[in-house]
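K.L.:
Need the 3D shape of this:
(one chain, ligands or ions: 1)
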Amino acid sequence: MTEAQRAGASVGLTFDRITIEGGKPLQGEVDVRGAKNLVTKAMVASLLSEGVSVLRDVPDISDVRVVRGLLEIHGVTVKPGVESGELLLDAGNVRSAHMREIDAHAGSSRIPILFCGPLLHQLGEAFIPDLGGCRIGDRPINFHLDALRNFGAVVEKLPTGIRLSAPNGLHGAHVHLPYPSVGATEQTLLTAVRAKGVTELRNAAIEPEIMDLIAILQKMGAIISVEPNRVILIEGVDELRGYTHRAIFDRNEAASWASAALATHGDVFVHGAKQEHMMTFLNIFRKVGGAFDIEEHGIRFWHPGGPLKPVVIETDVHPGFMTDWQQPLVVALTQAEGVSTVHETVYENRFGFTEALQKMGADIRVHPRGFAAPHRRVPRRDLEQAAVITGPTPLHGADIEVPDLRGGFSHLIAAMTAEGTSTVRNVGIISRGYENFEGKLRALGARFTVDG
Ligand code: EPU
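P.N.:
Sure thing, here's the model as predicted:
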């Protein structure tokens, strides 16, 4: 089974390929639920207590299924609650998992690395299988392991994964991240909340999903203060209790539908989207020539007519322009009049998806070493790339293959923008992060057929 088929099968997708008849504006309404990049971490946080946690607005995506499976093999009971999208997580009987159960999850997601701290607290040891996730760069875990060692964990790398133990328990630490990594910040939070003493985390990531995770941990009994200048202080406590929480909305999914509306000359109301966590995206959307209206229950995004304008974007950590937003937006930029530049500074390989767009008629040049840019918001590492997009270029249908989650959604947008028929293969990957994307496309009037 391919990765796409595995991802698709786990959320009940019966197809791996979509054939789209493009050239029709997307029009209508879609709902977005809880953010993939919060919900999966919130599920891991339930492991820190011995009580029952209630998580609301959980989308039915394959990454959630993967984390659920991992929790279940460690003794957590995960059941649906009464309302749609509600999960009840009972961590009353946490236990070590069998090696073969853990192995079955190898390569499935990057979330298992966040089990380290909670399992060390609960069981005194942890085994983490080899990680998966999108192939958008090297994605090392050195910041995670360095932080865990600072807490007193002993890390042993094995051919099949990583074994961790804490012979002297976990104690508060000074963690200074070389870069404000989202995952390493979460790792530090999930470990520090029950470590003995105070932890000072410097150069932390401050994405809204991290703030939501901190809110959950506070509900559980943690003492965490977010200080100026990316400093987070955590006072360890002995015990945490279960939480009840409604997840923050998925701003990546919202930005994806907004980009789809713009590229296809459409008009889409995204139920559940909120302005405050999308301000940077909204500014760029407006500069490109897109229109939006902030309403009480969501945001309406549309193409107001007239030419789109080129922009210069540099992806960054929050509050900058998110890396996950660039892939869907690039399709709309192929329709702008002039030259746009997108610098990707978070991952070293996130323009693979542009090959398919070139095949469809886009004029995109990828510069693997990026361009010099003197004014940076955060210290830079040597891994940037840039894409120069010259438009407008009409897109035509093609046979294309999804390389990764966000790239996959941008392929769907391109196929819907293009004149003629496109076949998009490997669409199972998209179900890792987009709930019922085919149902939503149908509701927006897209013309397509699916097959396996
Ligand atoms: N990095 C290291 N060493 C580490 C950890 C990270 O060098 O130990 C590097 C990475 O290789 C990358 C950069 O730091 O170049 C940023 O990585 P970060 O740790 O911030 O990202 P992540 O936690 O692995 C999460 C999201 C990504 C999102 C990024 C940035 C999840 C499950 N994933 O990844 O989401 O792009 O933060 O906001 O939360 C997606 O949803 O499609 C996706 C890839």
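K.L.:
distance of the residue nearest to residue 427 when sequence neighbours are not counted from the ligand?
P.N.:
Taking CB to CB, 6 or more residues apart in numbering as the measure, residue 427 lies nearest to residue 18, with 5.4 Å between them; neighbours along the chain are not counted. Quick note: C-beta positions are derived from backbone N, CA and C, even for glycine. Plainly put, residue 18 is 19 Å away from the ligand if you go by CB to the nearest ligand atom, to the nearest Å.
K.L.:
On the three-state scheme, residue 18 is what?
P.N.:
strand (DSSP: H, G, I helix; E, B strand; the rest coil).
K.L.:
That one reaches residue 412, doesn't it?
P.N.:
Yes: taking contact to mean CB atoms under 8 Å, the distance of 7.3 Å between residue 18 and residue 412 places them in contact.
K.L.:
Would you mark the buried spots in stretch 299-311?
P.N.:
With burial defined by 16 or more other CB atoms under 10 Å, the residues of stretch 299-311 counted as buried are 299, 300, 301, 302, 303, 308, 309, 310, 311.
K.L.:
Which strands or helices does whichever strand or helix holds the first one pack on?
P.N.:
Right, the one you point to is residue 299. Using DSSP states H and E, residue 299 falls within strand 298-302. Using 3 or more CB pairs under 8 Å, 6 or more residues apart in numbering; DSSP states H and E as the contact criterion, the secondary-structure elements in contact with strand 298-302 are helix 251-263, strand 267-271, strand 291-295.
K.L.:
same for the second one, what does it pack against?
P.N.:
The reference is to strand 267-271. strand 27-31, helix 251-263, strand 298-302.
K.L.:
tell me the most buried of those?
P.N.:
Using mean count of other CB atoms under 10 Å, the stretch among these with the greatest mean number of neighbours is helix 251-263 (a mean of 28).
K.L.:
Is residue 448 bridged to anything, and to what?
P.N.:
For residue 448, the beta-bridge partners under DSSP bridges are residue 20.
K.L.:
Nearest to residue 422, out of the buried residues of stretch 299-311: which one, please.
P.N.:
Nearest to residue 422 among the buried residues of stretch 299-311 is residue 303, at 20.1 Å by CB to CB.
K.L.:
so what's the closest one up against?
P.N.:
Taking CB atoms under 8 Å, 6 or more residues apart in numbering as the criterion, residue 303 is in contact with 25, 261, 262, 264, 265, 266, 267, 289, 290, 291.
K.L.:
who touches both of residue 18 and residue 412?
P.N.:
424, 427.
K.L.:
So for those two, which sits in the more crowded spot?
P.N.:
Set residue 18 next to residue 412 and count neighbours by other CB atoms under 10 Å: residue 412 wins out with 27 against 23.
K.L.:
distance from the centroid: which residue in this protein tops it?
P.N.:
Here the chain reaches farthest from its C-alpha mean at residue 168, the gap being 34.4 Å by CA atoms, centre = their mean.
K.L.:
okay, now the closest residue to that residue other than its chain neighbours: neighbour count?
P.N.:
By the measure of CB to CB, 6+ apart, the closest residue to residue 168 outside its immediate chain neighbours is residue 152, 5.6 Å from it. The number of residues packed near residue 152 is 19, by other CB under 10 Å.
K.L.:
gap between residue 152 and the ligand?
P.N.:
Taking CB to the nearest ligand atom as the measure, residue 152 and the ligand are separated by 19 Å.
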